[in-house]
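can't give you the sequence, but here's the structure:
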């Protein structure tokens with residue numbers, strides 16, 4: 001009887017071990033399937049987003065080329081002035097503006113008004129306002145806003161060609 005009980009325990013252990021191995025194999029296969037499925041999903045998602053970005057870039061390039069056909073770039077005179085704080089610091093700014101083709105003959109007058117407005121604005125700046133890339137971007141945006149307002153919509157964009165602060 002003891003031998004039969006021992007053999008029965010041995011068979012029970014083998015079945016238990018076999019069940020454990022099958023469970024681990026099934027669990028591993030399930031994990032592998034989930035990994036493959038999620039990677040395929042992420043690759044497809046990346047392809048869709050890349051296609052959307054490329055479409056947006058094409059549209060932006062198309063819009064920009066259409067806008068460029070009716071525009072011209074005008075370089076303003078170099079502006080040199082001191083800053084408000086510290087007063088011993090001087091700034092030289094070289095700027096170009098992008099004008100609509102419909103600008104007409106008043107371009108020289110508009111250009112002179114924009115130059116005067118820019119120079120007056122530069123005199124109100126402090127050195128801390130134009131430090132770093134964020135300061136430069138803020139300066140460009142402020143100048144662009146002033147140019148658009150001063151030129152009654154004829155000016156579209158301001159490009160900073162060079163800036164020296166000494």
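Good, I have the coordinates. A quick note: this is a predicted structure, and the numbers were derived from the prediction, not measured. Numbers count the residues shown, from 1 in each chain.

next SSE downstream of the longest helix anywhere in the chain?
Determined from DSSP state H, the single longest helix within the chain is helix 2-69. Next helix or strand after helix 2-69 toward the C-terminus (DSSP states H and E): strand 71-75.

domain-wise, how is this structure divided?
1-69, 70-165 (automatic domain parsing).

got the angle for the longest helix of the chain vs strand 71-75?
80 degrees (axes from the mean of the first three to the mean of the last three CA atoms, to 10 degrees).

pLDDT (mean, whole number) over helix 2-69?
The average pLDDT for helix 2-69 rounds to 86.

what's the most buried one of the domains of the chain?
Among the domains of the chain, domain 70-165 has the highest mean neighbour count (mean count of other CB atoms under 10 Å), at a mean of 15. For glycine as for every other residue, the C-beta is placed from the backbone atoms N, C-alpha and C.

what packs against the helix or strand hosting residue 112?
Element membership of residue 112 [criterion: DSSP H and E] is helix 107-122. Applying 3 or more CB pairs under 8 Å, 6 or more residues apart in numbering; DSSP states H and E, we find helix 107-122 packed against strand 79-82, strand 90-100, helix 132-150.

residue 96 is in contact with residue 156, correct?
No: using CB atoms under 8 Å, residue 156 makes no contact with residue 96, being 11.6 Å away.

and for these two, which residues touch both?
By CB atoms under 8 Å, 6 or more residues apart in numbering, residue 156 and residue 96 have no common neighbours.
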